[in-house]
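Peer 1: Please work out how this folds:
(one chain, ligands or ions: 1)
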Amino acid sequence: MIHVEDLVKRYGAITAVAGLSFTARPGRVTGFLGPNGAGKTTTLRVLLGLDSPTGGSATIGGVPFRSHRRGLRHAGALLDAQQAHPGRTAAVHLAALARGNGLSRRRVDEVLGETGLSGVAGRRVGTFSLGMRQRLGVATALLGDPPVLIFDEPVNGMDPEGVRWARGLFRRLAAEGRTVFLSSHLIGEMAATADELVVVGQGRLLACGPVTELTGSAGSLEEAFFALTEGSVDHRAGGAR
Ligand SMILES: Nc1ncnc2c1ncn2[C@@H]1O[C@H](COP(=O)(O)OP(=O)(O)OP(=O)(O)O)[C@@H](O)[C@H]1O
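Peer 2: Model prediction:
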């Protein structure tokens, strides 16, 4: 379970998140949607303890992520596909993380297999395509077999086969009872993958609920999204001030 309550995050004069509250539940794929600069990445960073909130709270399984000793067992995340050191092989990258989190070496082979990377496990990450790096990011998130998974733009750079694979994976992870939280600009992908949506604009909640409910009479999720975010689009990506 992910719970965000009255979350505020300011960077100097910029308010990136302006009092945001929502919950993402186990067994569901929850999509996190919003225009550029809406505060999505900032919210994910605070959730994962990479940034401190200015106010309010963001918890995973009822506690801040930082208070988990072996974080990868509690939540797995893909925030930035460029995270792995380019000079390391995929297997070495994952093995180092496994060691640091008290996980077995066997788990490395399992997630490499699950993400279709077994054949390239010995290759340096610097030689990977963006789609392969995304798969490695997904493998990293899965490493600790966590109950909560957070993905920021996970299918960015993936080919159609990769996108279909990722969609199936997210659905399966939710069917296993995990909380799957997915941020993406691809509304069609959200419509095909998510059960629930959290829509934000200028750091505030615009709507949340089942995809079917939010689509409502708009005809498509895309139309519903534009109607919801009208007035919240900031082409300067300057956020709420
Ligand atoms: N480290 C930072 N310092 C200053 N401002 C920041 C910082 N991080 C984010 N912001 C600002 O906070 C606002 C929200 O940014 P954020 O990246 O969270 O939005 P987003 O919804 O993820 O956008 P996108 O869809 O473009 O990735 C933006 O105005 C951004 O410029």
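Peer 1: Can you name the residues bridging to the nearest residue to Arg123 once chain neighbours are set aside?
Peer 2: Leaving aside its sequence neighbours, Arg123 sits nearest to Thr89 (C-beta to C-beta, 6 or more residues apart in numbering; 6.0 Å). Bear in mind the C-beta positions are built from the backbone N, C-alpha and C, glycine included. Beta-bridge partners recorded for Thr89 (DSSP bridges): Arg124.
Peer 1: residues in contact with Thr89?
Peer 2: Listed by C-beta atoms under 8 Å, 6 or more residues apart in numbering, the contact set of Thr89 reads Ala121, Gly122, Arg123, Arg124, Val125.
Peer 1: Please indicate which of the residues you listed has the highest neighbour count?
Peer 2: In terms of neighbour count, Val125 stands highest of these at 21 neighbours, by other C-beta atoms under 10 Å.
Peer 1: Pretty sure that one sits against His93.
Peer 2: Yes - between Val125 and His93 there is a contact under C-beta atoms under 8 Å: 6.2 Å.
Peer 1: hey, what's in contact with both of these two?
Peer 2: Both Val125 and His93 are contacted by Ala84, His85, Leu136, under the criterion C-beta under 8 Å, 6+ apart.
Peer 1: Serialize the residues you listed to CSV and add fields for secondary structure and neighbour count.
Peer 2: Shown next, in CSV, are the shared contacts of Val125 and His93 (DSSP: H, G, I helix; E, B strand; the rest coil; neighbours: other C-beta atoms under 10 Å):
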residue, secondary structure, neighbour count
Ala84, coil, 24
His85, coil, 13
Leu136, helix, 25
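Peer 1: Among those, which ones lie close to the ligand?
Peer 2: Among these, proximity to the ligand is found for none (C-beta under 6 Å from any ligand atom).
Peer 1: okay, who's weakest in those residues by pLDDT?
Peer 2: Across the shared contacts of Val125 and His93, the bottom pLDDT score, 83, is held by Ala84.
Peer 1: isn't Leu142 right up against Thr115?
Peer 2: Yes - Leu142 is in contact with Thr115 according to C-beta under 8 Å; the separation is 7.4 Å.
Peer 1: Which one's more surrounded, those two?
Peer 2: Each of Leu142 and Thr115 has its neighbours counted (other C-beta under 10 Å); Thr115 has more, 24 against 21.
Peer 1: That one reaches Gly137, doesn't it?
Peer 2: No - using C-beta under 8 Å, Thr115 makes no contact with Gly137, being 9.0 Å away.
Peer 1: where exactly do the helices run in this structure?
Peer 2: 40-47, 90-100, 105-114, 130-142, 160-175, 187-193, 211-215, 221-229 (DSSP state H).
Peer 1: Noted, bye for now.
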